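**Q** quick one, fold the following:
(chains A, B and C)
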Amino acid sequence: MVEADFKYIIDTFFALFSMVLIIFMVPGFAMLEAGLVRTKNVSSVLTINVMIYAVASLAFLLIGYNIAFGAWENDSMSIYAAFLFQMAFVGKTINIMSGGVSERVRIIPLTIFAVIMGGLIYPTVVNISWGADIIAGTFLDLNMYDLAGSTVIHSTGGWALLAAILIMGSRKGRYVKGKIRVIPASNIPLVVLGAFLLWIGWFGFNGGSVGSISSVDNANAVAKTIMNTNTAGLAGALIAAALMYFRYKLFDITMILNGALGGLVAITAGPDLYDMYTPILIGAIGGALVVFAVPLFDKLQLDDPVGALSVHLVNGIWGTLAVGIFVADISIIEQIKGIVIVAIFAFSSSFAVLYIINKIVPFRAEDDAQVEGMDVNECGVEAYPEFKRAI
Amino acid sequence: MVEADFKYIIDTFFALFSMVLIIFMVPGFAMLEAGLVRTKNVSSVLTINVMIYAVASLAFLLIGYNIAFGAWENDSMSIYAAFLFQMAFVGKTINIMSGGVSERVRIIPLTIFAVIMGGLIYPTVVNISWGADIIAGTFLDLNMYDLAGSTVIHSTGGWALLAAILIMGSRKGRYVKGKIRVIPASNIPLVVLGAFLLWIGWFGFNGGSVGSISSVDNANAVAKTIMNTNTAGLAGALIAAALMYFRYKLFDITMILNGALGGLVAITAGPDLYDMYTPILIGAIGGALVVFAVPLFDKLQLDDPVGALSVHLVNGIWGTLAVGIFVADISIIEQIKGIVIVAIFAFSSSFAVLYIINKIVPFRAEDDAQVEGMDVNECGVEAYPEFKRAI
Amino acid sequence: MVEADFKYIIDTFFALFSMVLIIFMVPGFAMLEAGLVRTKNVSSVLTINVMIYAVASLAFLLIGYNIAFGAWENDSMSIYAAFLFQMAFVGKTINIMSGGVSERVRIIPLTIFAVIMGGLIYPTVVNISWGADIIAGTFLDLNMYDLAGSTVIHSTGGWALLAAILIMGSRKGRYVKGKIRVIPASNIPLVVLGAFLLWIGWFGFNGGSVGSISSVDNANAVAKTIMNTNTAGLAGALIAAALMYFRYKLFDITMILNGALGGLVAITAGPDLYDMYTPILIGAIGGALVVFAVPLFDKLQLDDPVGALSVHLVNGIWGTLAVGIFVADISIIEQIKGIVIVAIFAFSSSFAVLYIINKIVPFRAEDDAQVEGMDVNECGVEAYPEFKRAI
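**A** Predicted coordinates for the structure are as follows:
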């Protein structure tokens, strides 16, 4: 067998393996969010997750892949495997956004936004950072290093979320006379299950982003990427646990898991470039940023029921900067340029699209509907109809 | 290394990878069904799922594999990997059947049926369609194209279910004076989790059915198969959502997911043969069929709490026909012949076996036991003992 | 491509595949235990599972791997993949221990113990059985055959658990005036989900322990290992179901699943060495041992809410003996010697460390805290705050 065929076969298999891991993030986000919101909004959140996967993936198939990568061609692996790996990413940016506007967002306008985000906005971000460089040679041709998308995926989703929160406002009853009402998560086992499905999906996300496992060097790079990814998650969880304990003498599992996710986002820009100890520092800072950012966003009355701004936006930025700080031959200037340009594009395009959709089909459910719960009003399906409510 | 050894190693690895994905369908079916039934029957449904995996797999090991494939030999991969991949399929046909008779079926007779289905009935279907062709040369030697079992798995399970419903009747209280009483799903997050574990399992089911990834052509075929499989699921979900919304102005997540599963069943006969757009049509029709078939079976008082007849039987038939319709060099006549022969064999043999078992150990729980719940009567273990019931 | 490079690439990929499966055991243990304990202790159990993964893995990275295997070197695959595969094991021993002291253990002392177990105790056990043999040539240089850790993982965890139960005592209210109060599992779907995530993880655990898939012989060994692993689980489930039914005329799903897990533990010492029928016997004995051991430990007032002593300790010993009994060229004497030396070391070192930690930070929660629930006292996060309690 010729070496090129061997590489083609192995890299196709490896891309499929990675893609499957990433698809576990679909139930991962769904379970995480279903566990974090109130029982009256669980069916709605789950429906949104399913709709995002369906429409964003189809939009990426029909339009987005072309915008991101140009022609349907690939010499190093099956084009279908290459597509599937990239398609697995697209819903994630929208999941990040949808989670943060849970408990008041309506399904139809969000689904419309998912089409545009998956078909146009996200593919354009990919084009200028990883993709076909259709607009190469312009200022927008980025040289940022972002292996698996601290900026391209996580910040992009985070900026879209910020735009969405500004347009939709906070949940009814969340901030009353300047006071923050605590709304506890309704199902902690689902939160833990969801977080670990995301964690496992990350191995495919970052490991697969190396793009090939079919040489000794690439095999090492993939394994190191997965190891460093995991390490940053461990450190993020640990520091969040420590900070919560020192402050409250209690271990808040939702914050510990968000700390882990923050560490995972932070490592995502450059897990292949670090030695095996640096991810401990990067992940720990990522976890700490979550612990400090969550109350900060609440103070700003940016109502985000799942902590997505803290996990994805703050750590997307931190992770992209970290590559410039810790890796000698990466220019911090190019990293900052990438962060800023993606920020401007993702925020302004999302805001514009959300604003227009909102004029036609309002995103925000009426106050009465929010009080009654999104499930009854949007789905006609209660999540737990046989279980008596305590509150 | 000689090329044959390379292929042997890669294809063994790939079969194991595929088999692992299919095994995720065991908790997939279990969670889906546990979420769809009432809380008083959840432990029973879960126990049945575990028992099916245990007895059907052992029956296939001890008897079924020989009937299906003849000798324990394989030159292209490890025989143990080939066995595991095939064993992963066997429980599925019975899961399809057991789900549809939930909330009234008793564990012991169902377990006995699982032994016979896994050891004899299903292996015979495999023999005449994919297998060793022991009865080759007769009318029963099928030339149907059915890559991963729209007919061999899904219709077979569906016909067994139809026979079972005819023998067991509907749940106590489901149809009263010609009226249909709606019985809502008890735990929606479990339904979503289960559906996505099934969806991910399908990648192994269909992708692995290509049988090899160790050449460039096969790598392309595997990747295309997984891509087309996924696309049909996306389209099935989307069309079910649209139809439900146009009719009820509500998004019923259980129907959306059954639409996705319907699309996945429909693509299963020929995902390797289509271009990348045809699966959108096949999956969309599959999803629509589910939406229309569910109330139709209810009108016929064929009581199927999880919609398995609509998802697996109707779409198993549709998917097998679709290959004949959309692929030029596949004979629609051979497809129909395959559908009909499997239908006759699967329905009549299942009916006969169920009928005989039912005479000795009745399948149907007494009305009182159904009202009290299967869990107390069959398991002695309530699913949620600390949670107060609302209804 | 040279053959050595091919093997390096494939074995790195295979180790990563195996490691990912094992990581599914992290949510697996978490869901299993969250389902088995009372609702008031669910957040605590989940937090402990997350903390164990974080601190034990980091301790293994910083100290443990060196103790177990010496230098960070590997010629046959990427050292990072080799590390990840081994790291995936380390938390398991502690999970075994932590599950059995659920509902009364406090998070901080357990986390401290996890650091020492993951950084020192477990790596030392690995060193003398699988590892770098730093103390080779002494009596402690074991020749036990234990492919994937019936003794090294499962008994080690079990002995640590026995030490912990002796130090911490039983749950408040479990044994009153010599009577055993039955405390039912609170969420059966989570138990089933957790058990199957463990089952699937076992394929990576045992299959990956073959260490290579990159030759025809090794590919066969891996596939046979996974097949035999699965078979033992099937037989364990089936025999537990049968025994429970013969005794109580009821199918207790928690016991059936523990029977399956017992079978899986029992096969773990030598799944590559048996023919394809012997695992049925080994697994069946494993499942039966669980059914008999659970009430026995309760009679001894060794309070173990999840049955971990029966599943992991009893079957770890049985599985290690079984290799000596059923495989001609394995010395039963060496197996017994391994069992005994690991028992002495694991029990005494765990006991000593637990005893010292307990003097400084008591492991056992106060009786009042146990009655109120660990979640309120340790986490400040209730698992199901919106669900009304029935009991």
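
**Q** does chain C sit close to the lengthiest helix in chain A?
**A** Ranked by number of residues, the top helix in chain A under DSSP state H is helix A:216-248. Yes. Remark: helix A:216-248 sits within contact range of chain C at A:216, A:219-220, A:222-224, A:226-227, A:230-231, A:234-235, A:237-238, A:241, A:245, A:248, by CB under 8 Å from any CB of the partner chain. For glycine as for every other residue, the C-beta is placed from the backbone atoms N, C-alpha and C.

**Q** could you turn the buried ones of those residues into a ChimeraX selection?
**A** Buried members of the residues of helix A:216-248 next to chain C, defined by 16 or more other CB atoms under 10 Å in any protein chain shown, are picked up in ChimeraX with:
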select /A:216,219,220,222,223,224,226,227,230,231,234,235,237,238,241,245
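
**Q** low-confidence stretches in the stretch 51-200 of chain A?
**A** Within the stretch 51-200 of chain A, the stretches with pLDDT under 70 are A:131-140.

**Q** up against chain B, what does it have?
**A** So the stretch 51-200 of chain A meets chain B at A:51, A:53-55, A:57-58, A:61, A:77-81, A:83-84, A:87, A:107-108, A:187, A:190, A:193 (CB under 8 Å from any CB).

**Q** repeat that for 10 Å
**A** Proximity of the stretch 51-200 of chain A to chain B (CB under 10 Å from any CB of the partner chain) is limited to residues A:51, A:53-58, A:61-62, A:72, A:77-85, A:87-88, A:107-108, A:111, A:187, A:189-190, A:193-194, A:197.

**Q** if any of the residues you listed are buried, put those into a PyMOL selection.
**A** Of these, the buried ones can be selected in PyMOL as follows, counting by 16+ other CB under 10 Å:
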select buried, chain A and resi 51+53+54+55+56+57+58+61+77+78+79+80+81+82+83+84+85+87+88+107+108+111+187+189+190+193+194+197
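
**Q** how about the helices in the stretch 51-200 of chain A?
**A** For the stretch 51-200 of chain A, the helices defined by DSSP state H, counting those that start in this stretch occupy A:65-69, A:79-100, A:107-116, A:122-129, A:156-168, A:188-209.

**Q** tabulate the ones you listed (CSV), appending distance to B:K92.
**A** Formatted as CSV, these follow (distance: least, CB to CB, whole Å):
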stretch, distance to B:K92
helix A:65-69, 32
helix A:79-100, 23
helix A:107-116, 32
helix A:122-129, 35
helix A:156-168, 36
helix A:188-209, 23
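
**Q** who wins for proximity to A:S350 among those helices?
**A** helix A:156-168 (3.9 Å; CB to CB).

**Q** in terms of secondary structure, what does the closest one contact?
**A** helix A:79-100, helix A:107-116, helix A:122-129, helix A:308, helix A:315-326, helix A:332-360 (3 or more CB pairs under 10 Å, 6 or more residues apart in numbering or on different chains; DSSP states H and E).

**Q** please repeat the previous calculation with a cut-off of 6 Å.
**A** The contact analysis (3 or more CB pairs under 6 Å, 6 or more residues apart in numbering or on different chains; DSSP states H and E) places helix A:156-168 against helix A:79-100, helix A:332-360.

**Q** okay, the first one in CSV with CA atoms only?
**A** To tie it back to what came earlier, the one meant is helix A:79-100. What follows is helix A:79-100, C-alpha atoms only, in CSV (Å, rounded to 0.1, in the frame of the first residue of the first chain):
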residue,chain,number,x,y,z
ILE,A,79,-14.2,15.0,2.0
TYR,A,80,-17.2,13.6,3.8
ALA,A,81,-15.2,13.0,6.9
ALA,A,82,-13.7,16.5,6.7
PHE,A,83,-17.2,17.9,6.3
LEU,A,84,-18.6,16.0,9.2
PHE,A,85,-15.8,17.1,11.5
GLN,A,86,-16.4,20.8,10.6
MET,A,87,-20.2,20.3,10.8
ALA,A,88,-19.9,19.0,14.3
PHE,A,89,-18.5,22.4,15.3
VAL,A,90,-21.1,24.7,13.9
GLY,A,91,-23.9,24.1,16.4
LYS,A,92,-21.6,24.7,19.3
THR,A,93,-21.4,28.5,18.7
ILE,A,94,-25.2,28.7,18.7
ASN,A,95,-25.5,26.4,21.8
ILE,A,96,-23.3,28.8,23.6
MET,A,97,-25.5,31.7,22.7
SER,A,98,-28.8,29.8,23.3
GLY,A,99,-27.9,28.6,26.7
GLY,A,100,-27.3,32.1,28.0
